[in-house]
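J.: sequence below, structure please.
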Amino acid sequence: MDTGVAIKMNKTLADITQDFNRLDIVPSKIDDILQKACPCAENGNESISSMYNFMHQVFNARLAQDLKKIFAKLNVQHEVVEGNSRLDIRLLNDYQNRVTVGGKNLVVIDMKTGNVKLYQLCLYSVRNQCPTIIVELLSGDVHLLTPEIACKILTNLPSEIEKITEMKSLKATLPGQDCRFCAKECKDRIAKYTPYKVSSTSFAERALKLETNYNKVKERIQEIIRPMVDESTAKAANEMKEAKNVRVSVSPMAAGIQIAPAIKI
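T.: Presented below is the predicted three-dimensional model:
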């Protein structure tokens, strides 16, 4: 089967980015595609309480504000939309409103108040060429995903996605568990469609867990970011010092510049 995406080991960040750009797939949909066995399965209109999205927005905004207070000189970006991606929080290693120190992405932070989508976050790390901090606020866990590890995880996924796309074009079905959440009319169905629902009945308990875990994850995030900031700041200071020394050491005569004699009046 020719998928159109050549498989090779040790792909670079640019290779992975190019592969996924060719697929033109929304990062948040990657995990949804890969976790279904049946390529033709289609989700229905899930009924999810708006409270869950509200809580994500609240804690995401709070974390962005707290990081700006802690790392006041850094450029902290919130809800950044780039192409078909939306990043919760991104820190850049430049001194906002002062002097630029390269303006490169320092770290991306993704806040999860529900399930983690690993492949989505791997692609964020690869596209931004920086680590991604995954925050599971419900459990209080914090994970660091480097671009190198993300690249290895994503290496063969483009070919897997194209395989699934080709099977779907052939209308190949794999009836089973996926039938329960598939709203599509299908002659091969072997399980009744059961719309996925998330109610707000346990919202109070869930909200309390999120609130309880917040300070713990914030401290852990600070511990991870601090060395990155210190290393970036030290590197930038050395580069500025070297550039200044070069300017001082190069005199006009050494640079071959002729200085006109003063004119007496």
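J.: residue ranges for the strands of this protein, please.
T.: 47-48, 74-82, 85-95, 105-112, 132-136, 141-145, 197-198 (DSSP state E).
J.: with mean neighbour count and mean pLDDT added, can I get the ones you listed in CSV?
T.: Glycine gets a C-beta too; all of them are placed from N, C-alpha and C. Supplementary listing: the strands of the chain in CSV, determined by neighbours: other CB atoms under 10 Å; pLDDT from 0 to 100:
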stretch, mean neighbour count, mean pLDDT
strand 47-48, 12, 59
strand 74-82, 16, 91
strand 85-95, 20, 86
strand 105-112, 22, 94
strand 132-136, 23, 96
strand 141-145, 17, 96
strand 197-198, 12, 60
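J.: select, out of those strands, the one closest to residue 14.
T.: Nearest to residue 14, of all the strands of the chain, is strand 105-112, at 15.1 Å by CB to CB.
J.: out of the strands of the chain, which is closest to residue 239?
T.: Judging the strands of the chain by CB to CB, what sits closest to residue 239 is strand 85-95, at 11.9 Å.
J.: any idea how far that closest one is from the chain center?
T.: Relative to its chain's centre, strand 85-95 lies at 9 Å (CA atoms, centre = their mean, to the nearest Å).
J.: show me what it is packed against.
T.: helix 50-70, strand 74-82, strand 105-112, helix 118-128, helix 203-249 (3 or more CB pairs under 8 Å, 6 or more residues apart in numbering; DSSP states H and E).
J.: if we can go back for a sec, output the strands of the chain as TSV; include the columns distance to residue 178.
T.: Shown next, in TSV, are the strands of the chain (distance: least, CB to CB, whole Å):
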stretch	distance to residue 178
strand 47-48	19
strand 74-82	31
strand 85-95	26
strand 105-112	24
strand 132-136	26
strand 141-145	28
strand 197-198	17
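J.: so, low pLDDT: which residues of this structure?
T.: Applying pLDDT under 70 to the chain flags residues 1-10, 44-49, 95-103, 195-201, 246-265.
J.: picking up where we left off before, any idea which of the strands of the chain gets closest to residue 235?
T.: strand 85-95 (8.9 Å).
J.: what's the end-to-end length of stretch 121-134?
T.: 8 Å (CA to CA, to the nearest Å).
J.: got the buried residues for that stretch?
T.: 121-128, 130-134 (16 or more other CB atoms under 10 Å).
J.: quick one: contacts of that stretch?
T.: Outside stretch 121-134, the residues that touch it by CB atoms under 8 Å, 6 or more residues apart in numbering are 13, 16-17, 20, 27, 30, 82, 85, 87, 90, 104-110, 112, 116, 142-147, 150-151, 153-154, 221, 224-225, 228.
J.: now with 6 Å?
T.: 13, 16-17, 27, 105, 107-110, 143-147, 150-151, 153-154, 221 (CB atoms under 6 Å, 6 or more residues apart in numbering).
J.: try stretch 68-86
T.: 26-27, 64, 67, 87, 89-92, 94-96, 222.
J.: before we move on, the earlier item: let me have the helices and strands packed on strand 85-95 in TSV, extended by distance to residue 190.
T.: Shown next, in TSV, are those (distance: least, CB to CB, whole Å):
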stretch	distance to residue 190
helix 50-70	31
strand 74-82	41
strand 105-112	33
helix 118-128	28
helix 203-249	33
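J.: the ones you listed: which one's closest to residue 37?
T.: Nearest of the helices and strands packed on strand 85-95 (CB to CB): helix 118-128, 16.4 Å.
J.: that older thread, residue 189: which of the helices and strands packed on strand 85-95 is closest?
T.: If we rank the helices and strands packed on strand 85-95 by CB to CB, the stretch that ends up nearest is helix 118-128, at 27.6 Å.
J.: how far does the closest one sit from its chain's centre?
T.: Distance, centroid of helix 118-128 to centroid of chain: 5 Å (CA atoms, centre = their mean).
J.: stretch 144-151 now?
T.: 11 Å.
J.: okay, the nearest residue to residue 64 once chain neighbours are set aside and residue 34: tell me how far apart.
T.: Distances taken as CB to CB, 6 or more residues apart in numbering place residue 78 nearest to residue 64, at 4.1 Å, with adjacent residues excluded. To residue 34, residue 78 is 29 Å away according to CB to CB, to the nearest Å.
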